[in-house]
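J.: Build the 3D model from these lines:
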Amino acid sequence: MNRAAAKHLIERYFRQLTEGCGNGDCTNEFCASCCNFQPLDNNSAAAKALELFKINAKLCTRHSDPSANEHTLDSRMGDAGICPTKEEFSDVHFLTENNVCTILHFCEEEGDYSTLIRAIGRIFSNAEALMKSFRKDECNAAGNPDSFDPTDVNKHEKQSEQTSETMGASSVAALPDEGVHEMFDPSEVTVDIDAVRRVYDRLLAIDQVEAALVNALIYLTPNMELDLEYLDVYETNPDYLNIFIIVMENSNLHSPEYLEVALPQFCKAMSKLPVTALARLSKLWSAYGLSHTRRIMETFQQLITFTVVSNEYDGENLVNDDETVVAATQCLKVVFYASIQGGDVDVEHNEEDEEESESDELSLHELLGEERLYKKGPRVDPLEKEVGVRSIDSRRPLIPFEDFINESLNEVVEMDKDFTFFKVNAETKFSFQSCPFILNVITKNQGLYYDNRIRMYSERRLTALYSMVQGQQPNPYLKLKVRRDHIIDDALVRLEMISMENPSDLKKQLFVEFEGEQGVDEGGVSKEFFQLVLEEIFNPDIGMFTYDDDTKLFWFNSSSLENEAQYTLVGLVLGLAIYNNCILDVHFPMVVYRKLMGKKGTYLDLSDSHPVQFSTRVSKSCLNIPVM
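T.: Residues are numbered from 1 along each chain as shown. Purely as a prediction, here's the structure:
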């Protein structure tokens, strides 16, 4: 936090301790307006204010009675030719496009923006006031900022307060069983987004307003974080999401003034939103279009990068423990799913899930306490489930997947510890593998390596245990002995026998021995084995696969004489290579990987596997020619 902002915050704590907030029903024990508060002298209050600043204690909002001066202000503004004074603008308790431009017009005539700055600071630092601001029914739909009537300043506020009270009380009471969220479509919010953007365009052109917005956000976010964590304010009033929508429309959030203090605190508050609120926010952002969604994505990315390069991480100080990086990554996930929803999505064409037989008997992994390491199926992200769309459903996202990768973060992530958090301590420690879109291929490969190694060691222990019980010689490794001149026959026959007789042996660590050659396989022999096997399998002369010189991709040879079982064995070899951390120079069209993830192929998959056929089909579709 910069010195000016810290000083301002301490002064606010001091005034709260000496003057109070003015609310006779205040329950904040650190406020002079609380009935149980013990008065302090100025010296004691100053020391206490510094202490409250250090612990980021809750701040009260200055309390005022909006009905006290409403009649006076309305009557003056209703008189022809009489404009409101500086003091009367203090009765503005939330913002609309009309009253902002009215205040702005007044300040321009006076040559003094202090009235506007105070109004912005007061509203943007108060969650209740900001939540009521820029409602669709109050904002000027025409979008003409120069045609506002000063008499509208308080008239619109009264209407908005009545609407808010009606929706907040009666609507919730009307649906006690169904829940408050079922009243709302995720894409519908009560904020006039266009009005907010027009207001920001005018405000951010004024230099003095920037500091007011920064300071207001610093004061606002600690209270929001507490409200979301302990009071479940979104559950009682879903319009609480309006605050996050309005703040994120500020196009300057990526600037250094915000990155230091305000934006980190804001991201922490956003990460406390329930998953239903995050899904609504993601749905809304998905409709924004590329430029606005990209700006939001880059805002969170810049915060992550700024925080990472500004700190040093080691074995004791992990980036996983950095609250700012974690919160910004969780916020970035909302944009990630917004990008998927805003692009081309295929939620159909899914392979039917095979029903798994349930058994009451504990598996050996469960008996050994390893069930968390070997859960069946991939982990489902709660936000992914709530938005109803998966990464694999995306054919072309709004923002390319690679733009979500943060290279600065990947340089400091310690994947061995991160993997442990992901597999074992997911409830208490954050793992970046829960947000895999931010990781690059190298980092993901490290996570896959640790996963495979743990499985190998587990199979080794299980083999030793079985051997001890059955009194047999332990065989902890998967050993293959092959001849160089018959490498395909030897390898495929041996692997076929293993897959039929004891498929669990495929999970063991692989050791390869070439017949007639001495040497211990420490990884190099296995890599050579896979390289030789793949050269044979993908050799065009063998006839199992074809290679397209234009796309640089392999495809299955429709004229091959090999049966389906042979292709199954090829897949087994490829899986073994990946499992034993051997990088393969094999390139298939995306439809192959989508198929492995449970998606059925459609004609759209021809675009990268068979581009000529795809363009022909598209041309015929455009000309309304039946496709045979």
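
J.: all helices of the stretch 401-550 of the chain, in order?
T.: 407-412, 415-423, 441-470, 487-501, 524-537 (DSSP state H, counting those that start in this stretch).

J.: Please identify the most buried of the ones you listed.
T.: The highest average neighbour count among the helices of the stretch 401-550 of the chain, using mean count of other CB atoms under 10 Å, belongs to helix 415-423 at a mean of 19. C-beta coordinates here come from the backbone N, C-alpha and C atoms, glycine included.

J.: chain center to it: distance?
T.: Offset of helix 415-423 from its chain centre (CA atoms, centre = their mean, to the nearest Å): 19 Å.

J.: other SSEs contacting it?
T.: Other helices and strands packing on helix 415-423, by 3 or more CB pairs under 8 Å, 6 or more residues apart in numbering; DSSP states H and E, are helix 441-470.

J.: quick one, which of the helices of the stretch 401-550 of the chain is nearest to T568?
T.: helix 487-501 (8.4 Å; CB to CB).

J.: shaky segments in the stretch 251-400 of the chain?
T.: 352-378 (pLDDT under 70).

J.: can you list the residues that contact stretch 203-213?
T.: The contact list for stretch 203-213, computed with CB atoms under 8 Å, 6 or more residues apart in numbering, reads V100, L104, Y113, L116, I117, I120, G121, F124, N250, S251, N252, E257.

J.: Can I get it in PDB? Just the C-alpha atoms.
T.: C-alpha atoms of stretch 203-213 as PDB (Å, rounded to 0.1, in the frame of the first residue of the first chain):
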ATOM      1  CA  LEU A 203     -14.700   9.800 -15.000                       C
ATOM      2  CA  LEU A 204     -11.400   8.200 -16.100                       C
ATOM      3  CA  ALA A 205     -10.700  11.300 -18.200                       C
ATOM      4  CA  ILE A 206     -10.400  13.300 -15.000                       C
ATOM      5  CA  ASP A 207      -7.000  12.800 -13.300                       C
ATOM      6  CA  GLN A 208      -8.300  13.500  -9.800                       C
ATOM      7  CA  VAL A 209     -11.000  10.700 -10.000                       C
ATOM      8  CA  GLU A 210      -8.400   7.900 -10.300                       C
ATOM      9  CA  ALA A 211      -7.100   8.300  -6.800                       C
ATOM     10  CA  ALA A 212     -10.700   8.400  -5.400                       C
ATOM     11  CA  LEU A 213     -11.600   5.100  -7.100                       C
END
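
J.: What residues of it count as buried?
T.: Buried residues in stretch 203-213, counted by 16 or more other CB atoms under 10 Å: L203, I206, V209, E210, A211, A212, L213.

J.: which of these sit farthest apart?
T.: With CB to CB as the measure, no two of these lie farther apart than L203 and A211, at 11.9 Å.

J.: re the thing from before, among the helices of the stretch 401-550 of the chain, single out whichever gets nearest to D232.
T.: Nearest to D232, of all the helices of the stretch 401-550 of the chain, is helix 415-423, at 27.0 Å by CB to CB.

J.: How about residues contacting that closest one?
T.: With contacts defined as CB under 8 Å, 6+ apart, helix 415-423 is touched by 315, 318, 320, 372-373, 429-434, 443, 446-447, 450-451, 454.

J.: ok, now with 6 Å
T.: Identification of contacts with helix 415-423 by CB atoms under 6 Å, 6 or more residues apart in numbering yields L373, K429, S431, F432, Q433, Q446, G447, Y450.

J.: Please tell me how far the closest residue to the last one other than its chain neighbours sits from I583.
T.: If I follow you right, that is Y450. Here the nearest residue to Y450 in space, its sequence neighbours aside, is F419; by CB to CB, 6 or more residues apart in numbering that works out to 4.5 Å. Computed with CB to CB, to the nearest Å, the distance linking F419 and I583 is 19 Å.

J.: I'd like the distance between G524 and K508.
T.: Going from G524 to K508 by CB to CB gives 19 Å.

J.: I meant R390, not that one.
T.: With CB to CB as the criterion, R390 and K508 are 32 Å apart.

J.: for I55, same thing?
T.: I55 is 54 Å from K508, by CB to CB.

J.: what's the answer for P589, then?
T.: P589 is 32 Å from K508, by CB to CB.

J.: And the two? Which one has more around it.
T.: Counted by other CB atoms under 10 Å, P589 and K508 do not tie: K508 has more neighbours, with 24 against 21.

J.: show me the contacts for that one.
T.: Neighbour list for K508: E459, Y477, L478 [criterion: CB under 6 Å, 6+ apart].

J.: where does R76 land on pLDDT?
T.: R76 is assigned 43 on the pLDDT scale.

J.: what kind of secondary structure is F554 in?
T.: Of the three states, F554 takes strand according to DSSP: H, G, I helix; E, B strand; the rest coil.

J.: least confident pick among the contacts of K508?
T.: Within those, lowest confidence goes to E459 (80).

J.: Quick one: residues contacting it.
T.: Neighbouring residues of E459 by CB under 6 Å, 6+ apart: K507, K508.

J.: ok, now how distant is it from Y466?
T.: The spacing between E459 and Y466, counted by CB to CB, is 10 Å.

J.: Just to check, T307 is in contact with T324?
T.: Yes: under the criterion of CB atoms under 6 Å, T307 makes contact with T324 at 4.7 Å.

J.: neighbour-wise, which of these two wins?
T.: Set T307 next to T324 and count neighbours by other CB under 10 Å: T307 wins out with 23 against 20.

J.: Confirm that that one sits in a helix.
T.: Yes: checked against three-state DSSP, T307 lies within a helix.

J.: and it, what does it touch?
T.: T324, V325.

J.: measure it to E29 for me?
T.: 33 Å.

J.: pLDDT weak spots in the stretch 501-628 of the chain?
T.: For the stretch 501-628 of the chain, applying pLDDT under 70 flags the ranges 519-522, 617-628.

J.: the strands in it, which residues?
T.: 509-514, 545-548, 553-556 (DSSP state E, counting those that start in this stretch).

J.: Alright, I will stop here.
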